[in-house]
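1. Output the structure for:
(one chain, ligands or ions: 1)
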Amino acid sequence: LTEEAPSASTTAMRRILPPDMVERGRCPFDPPPGLRGKDAVRPLDLLNGARAWLVTGFEEARTVLSDARFSADKMRHRDATSLQPHEVAAMEAAQPPKAEMPEREDGLFVFMDPPEHTRLRRLLTGQFTVRRMRELESRVTEIAVEHIEAMKAAGTEADLVPAFALPLPSLVICELLGVDYADRAEFQERTAVGLNANSTPQEQAAARAELYAYMRRLVAGKRSNPADDLLSGLIHDAQPPLTDAQLTDVALVLLNAGHETTANMLGLGTFALLEHPGQLAALRADPSLIDNTVEELLRYLSIIQLGVSRVTTEPVTLAGVDLPAGATVVIATPEINRDPRHWSDPDAFDLSRPRTPHLAFGHGVHQCLGQQLARIEMRIGLGELISRLPDLRLAVPAEQVPVRNEMLIFGVHSLPVTWS
Ligand code: HEM
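-> Purely as a prediction, here's the structure:
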């Protein structure tokens, strides 16, 4: 299977992080060995000579994500030399090259602290209404069924990533933002380039620039021709009004935050279920276990590898470790959700585990805005997949499934599956 070509984020990760922190061991579902360990907080020496701090403890991660001394506004507070690879990648992914986006910081609320963050976040929360989520739920079902039936009509084998895991969240984002049906193929193609490990950095940059231009046009169109979608709602509800640059940033943040994440949870989640046949059989026997399955997959897989980080605004002592002001603190999300001080038998994938909150969606003011939508997509997507393909199985040995080592968001590049 294909060898990964270096995308912008992979090369950045490889340049800066020790290999054992990005490459998985024998089990692709377990965190990389370098993230494991007893110390809840420890120094992390990067290959570029900078020092950051790594948090692997569940409680300590909750503190970092809920204490105002840890800022998301990394540009303001950090020492510029400590720029982190995942932050570079996240920022690059969220926006096209600077020249085409002069007001680029306008709407990137993921990198803001309260009270700046609060206004945009509130406006957005107001758009994720129960009614809109309910409507999306029926569209998610239609999209899932359509793609599974197309796979079945085409034969008895498919690569689940392009056939199902990628298009589902991509089309859902189209629904949410109000992208015209006529533009969807083009839109999907461009978002897929950014996620394809075989695209060159130049191709990714070009696709990002095109998406930015597309979003700008979409925002302008919604301003003159409002409809019943999230962007039109934001245009209508915001007082004082949001600028086109802010709206474009917000749309791109939603696209990036909500697309690659869910796509990887669907692909890797299916892989994990197929590799745990006892658990999969339990789910098939009792479909009401689907909500537990979604939560356990979120915890067990915790795909945001090192993508959640903060910077200290003043010296802080955390778990007995003194952090100076301006320190970059990186949350090892896969490891905090396996912290043995918090979970019993944390490395087991167990659908009957009592439901207690995990941190796969983060915590505090930046906690995932799209978590209800992500849950809907996983519940319906995985539910339809296993009920419509009762003997779904891998088409290659598990060791040959290419995993997204060294990517900001973990998952599978492809998942060859078969059924009869
Ligand atoms: C924030 C995970 C799906 C939109 C976050 C954060 C995590 C996360 C860990 C916190 C980042 C931080 O504190 O620095 C995930 C996972 C998903 C998922 C694992 C899929 C299973 C989605 C979807 C959407 C979305 C479907 C939107 C449609 C966002 C946004 C933020 C965010 C906008 C930033 C919120 C803020 O800064 O206030 N997500 N996410 N996510 N997520 Fe998700």
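
2. For residue 333, give its distance to residue 66.
-> Distance, residue 333 to residue 66, by CB to CB, to the nearest Å: 15 Å. C-betas here are computed from N, CA, C, even on glycine.

3. between the two, who's got more neighbours?
-> Using other CB atoms under 10 Å, the more surrounded residue of residue 333 and residue 66 is residue 333, with 27 against 13.

4. quick one: contacts for the residue nearest to residue 309 when sequence neighbours are not counted?
-> Among residues not flanking residue 309 along the chain, residue 330 sits closest, at 4.5 Å (CB to CB, 6 or more residues apart in numbering). Taking CB atoms under 8 Å, 6 or more residues apart in numbering as the contact definition, residue 330 lies against 44, 52-55, 84, 86, 306, 308-309.

5. Wasn't residue 330 part of a strand?
-> Yes: assigned with DSSP: H, G, I helix; E, B strand; the rest coil, residue 330 falls within a strand.

6. Could you check how far residue 380 is from the ligand?
-> From residue 380 across to the ligand, the span is 13 Å (CB to the nearest ligand atom, to the nearest Å).

7. which non-adjacent residue is nearest that residue?
-> Per CB to CB, 6+ apart, closest to residue 380 is residue 140, 4.8 Å.

8. ok, and the one you found, which helix or strand is that part of?
-> Of the helices and strands defined by DSSP states H and E, residue 140 is found in helix 130-154.

9. what about that helix and the ligand, touching?
-> No: figure legend: helix 130-154 not in contact with the ligand (CB under 6 Å from any ligand atom); closest approach 9.6 Å.

10. Could you pull out the buried residues of that helix?
-> Buried residues in helix 130-154, counted by 16 or more other CB atoms under 10 Å: 132, 136-137, 139-140, 143-144, 147-148, 151.

11. before we move on, what about stretch 304-314?
-> Buried residues in stretch 304-314 (16+ other CB under 10 Å): 304-313.

12. Stretch 264-279 too?
-> 264-276, 279.

13. Which residue, other than its chain neighbours, is closest to the residue of the chain found nearest the ligand?
-> Nearest residue of the chain to the ligand, counting by CB to the nearest ligand atom: residue 370, 2.0 Å away. Spatial nearest neighbour of residue 370, excluding adjacent residues (CB to CB, 6+ apart): residue 258 at 4.7 Å.

14. I'd like the next helix or strand past whichever strand or helix holds the one you found.
-> Assigned by DSSP H and E, residue 258 belongs to helix 244-274. Tracing the chain past helix 244-274, the next element assigned as helix or strand by DSSP H and E is helix 277-285.

15. And the contacts of that next one?
-> 273-274, 289-290, 293, 349-352, 386, 390.

16. For residue 418, state which of these is nearest.
-> Using CB to CB, residue 274 comes nearest to residue 418 of these, at 10.8 Å.

17. show me the contacts for the closest one.
-> 280, 392-394, 417 are the contacts of residue 274 under CB under 8 Å, 6+ apart.

18. pLDDT at it, what is it?
-> Looking at residue 274, its pLDDT stands at 98.

19. what's the answer for residue 86, then?
-> 48.

20. For residue 21, the count of nearby residues, please.
-> Using other CB under 10 Å, residue 21 has 22 neighbouring residues.

21. Okay, strands next: where are they in the stretch 301-420 of the chain?
-> 308-312, 316-318, 321-323, 328-331, 393-394, 416-418 (DSSP state E, counting those that start in this stretch).

22. Let me have the ones you listed in TSV, adding mean pLDDT and distance to residue 163 as columns.
-> Below are the strands of the stretch 301-420 of the chain laid out as TSV (pLDDT from 0 to 100; distance: least, CB to CB, whole Å):
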stretch	mean pLDDT	distance to residue 163
strand 308-312	92	30
strand 316-318	98	44
strand 321-323	97	46
strand 328-331	92	33
strand 393-394	98	15
strand 416-418	98	9
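
23. Tell me who's in contact with residue 409.
-> Taking CB under 8 Å, 6+ apart as the criterion, residue 409 is in contact with 260-261, 264, 303-305, 307.

24. where exactly do the helices run in the stretch 101-250 of the chain?
-> Using DSSP state H, counting those that start in this stretch, the helices assigned to the stretch 101-250 of the chain run over residues 116-125, 130-154, 160, 167-177, 184-195, 201-224, 230-237, 244-274.

25. Looking at strand pairing, list the partners for the residue nearest to residue 309.
-> Under the criterion DSSP bridges, residue 330 forms beta bridges with residue 54, residue 309.

26. what mean pLDDT does stretch 160-169 have?
-> Averaged across stretch 160-169, the pLDDT comes to 95.

27. so how far is that stretch off the chain centroid?
-> Stretch 160-169 has its C-alpha centroid displaced from the chain centroid by 15 Å (CA atoms, centre = their mean, to the nearest Å).

28. sorry, back to before: PyMOL command for the buried members of the contacts of helix 277-285?
-> Typed into PyMOL, the line below selects the buried ones among the contacts of helix 277-285, using 16+ other CB under 10 Å:
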select buried, resi 273+274+289+290+293+349+350+351+386
